[in-house]
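J.: after the sequence you'll find the predicted model.
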Amino acid sequence: VGQWWKLTAFIAEHGEELTTAYCHLSVSEKEKLCHKVYNLCKNHVKIVHSNLKALQKQVNAMFNNMEKEVHTTSFSGCI
């Protein structure tokens, strides 16, 4: 049906195409895209309420992963 990719691997493979396509989007299209990505991420997070230490580790890991991905992807030249 489809392929599963890690985000960093997908960006490494298709980074140039993604950057080019993103640069051609209008401001409103970029805002819609960001909103869709935010909603997907928000709905994907699974939180365990009963174990606060596990929750803290999960949140820290998510922020570390996001920080790594932000450092590896830069769209600053498109703005």
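T.: Happy to help now that I have it.
J.: shaky segments in this structure?
T.: With pLDDT under 70 as the threshold, the chain has low-confidence stretches at 1-2, 44-50, 70-79.
J.: what segments of it are helices?
T.: Listed in chain order, the helices found in the chain under DSSP state H are 7-23, 27-44, 52-72.
J.: what are the C-alpha coordinates of the shortest one, in CSV please?
T.: In CSV, the C-alpha atoms belonging to helix 7-23 read as follows (Å, rounded to 0.1, in the frame of the first residue of the first chain):
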residue,chain,number,x,y,z
LEU,A,7,11.3,11.8,8.6
THR,A,8,15.1,12.5,8.6
ALA,A,9,15.7,9.7,6.0
PHE,A,10,12.8,11.0,3.8
ILE,A,11,14.2,14.6,4.0
ALA,A,12,17.7,13.4,3.2
GLU,A,13,16.4,11.5,0.1
HIS,A,14,13.9,14.2,-1.1
GLY,A,15,15.2,17.4,0.4
GLU,A,16,15.8,19.3,-2.8
GLU,A,17,12.3,18.5,-4.2
LEU,A,18,10.7,19.4,-0.8
THR,A,19,12.5,22.7,-0.6
THR,A,20,11.7,23.6,-4.2
ALA,A,21,8.0,22.7,-3.8
TYR,A,22,7.8,24.6,-0.4
CYS,A,23,9.3,27.7,-1.9
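J.: packing partners of it?
T.: helix 52-72 (3 or more C-beta pairs under 8 Å, 6 or more residues apart in numbering; DSSP states H and E). Placement of C-beta: from N, CA and C, glycine included.
J.: now the helix it packs on against helix 27-44, angle please.
T.: Taking axes from the mean of the first three to the mean of the last three C-alpha atoms, to 10 degrees, one finds helix 52-72 and helix 27-44 inclined to each other by 150 degrees.
J.: between helix 52-72 and helix 7-23, how big is the angle?
T.: 50 degrees.
J.: for helix 52-72, name the packing helices and strands.
T.: Helix 52-72 packs on helix 7-23, going by 3+ C-beta pairs under 8 Å, 6+ apart.
J.: off-centre distance for the helix it packs on?
T.: 12 Å (C-alpha atoms, centre = their mean, to the nearest Å).
J.: stretch 29-37 too?
T.: Chain-centre distance of stretch 29-37: 12 Å, with C-alpha atoms, centre = their mean.
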